[in-house]
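Colleague: Attaching a predicted model along with its sequence, questions to come.
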Amino acid sequence: MLLYIGYLIIGLKYSLVLALIAACTAVIPYLGPAIAITPAMIVALVTSPLMLIKMIVIWTVVQLIEGKFISPQIMGKTLQVHPITIIFVILTAGNLFGIVGIVLAVPGYAVLKVIVTNVFNYVTTNSRLYKQEPEPHLPSEQP
């Protein structure tokens, strides 16, 4: 949808078709955007070199918006995690492990979160440390 609006703004021919191709290939992880940009680049280049530059700018802006704002929101709601946490996890994993860290950051965090949550729930329900002690019975003060 964002690509379609961007393509319409710059006047790229076949905006709807190119945006639909991008939407269909978006489900392919990591290769989808590269596959989707190819037909748009060809159409823009045939139109004019200036149109190619405009198209690349629109594509970059849409990818940044989708990658930095929309995807973390969706992942955060699905995993019940705040979007800033998702961004922090991706940046930290990318810094520590490079591309592999970026790819595996969110799934790894999701698995780790489930494990820690289940272990915590198990410990709190089965440990005597977390069980409430009954209140001591104090003798009543009757003469």
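Modeller: Now that the structure is in, tell me what you want to look at.

Colleague: who touches the lowest-mean-pLDDT helix or strand in the chain?
Modeller: Every helix and strand of the chain was ranked by mean pLDDT, DSSP states H and E. The lowest is helix 71-79, at a mean of 73. Residues from elsewhere that reach helix 71-79 (Cβ atoms under 8 Å, 6 or more residues apart in numbering): 81, 82, 83, 84, 85, 86, 87, 106, 109, 110, 113. For the C-beta atoms, the positions are set from N, CA and C on the backbone; glycine is no exception.

Colleague: Does anything pack onto the longest helix anywhere in the chain? Which helices or strands?
Modeller: Secondary structure of the chain per DSSP state H: the longest helix is helix 83-126. Secondary-structure packing of helix 83-126 (3 or more Cβ pairs under 8 Å, 6 or more residues apart in numbering; DSSP states H and E): helix 71-79.

Colleague: and the helix it packs on, how far out from the chain's middle?
Modeller: 6 Å (Cα atoms, centre = their mean, to the nearest Å).

Colleague: burial of residue 35, as a residue count?
Modeller: 14 (other Cβ atoms under 10 Å).

Colleague: Quick check: nearest residue in space to it, chain neighbours excluded?
Modeller: residue 25 (4.5 Å; Cβ to Cβ, 6 or more residues apart in numbering).

Colleague: quick check: angle from the least confident helix or strand of the chain to helix 83-126?
Modeller: 20 degrees (axes from the mean of the first three to the mean of the last three Cα atoms, to 10 degrees).

Colleague: Let me see the contact set for the nearest residue to residue 16 once chain neighbours are set aside.
Modeller: Spatially, and ignoring its direct neighbours in sequence, residue 16 is nearest to residue 4 (6.2 Å; Cβ to Cβ, 6+ apart). By Cβ under 8 Å, 6+ apart, the residues touching residue 4 are 15, 16, 19.
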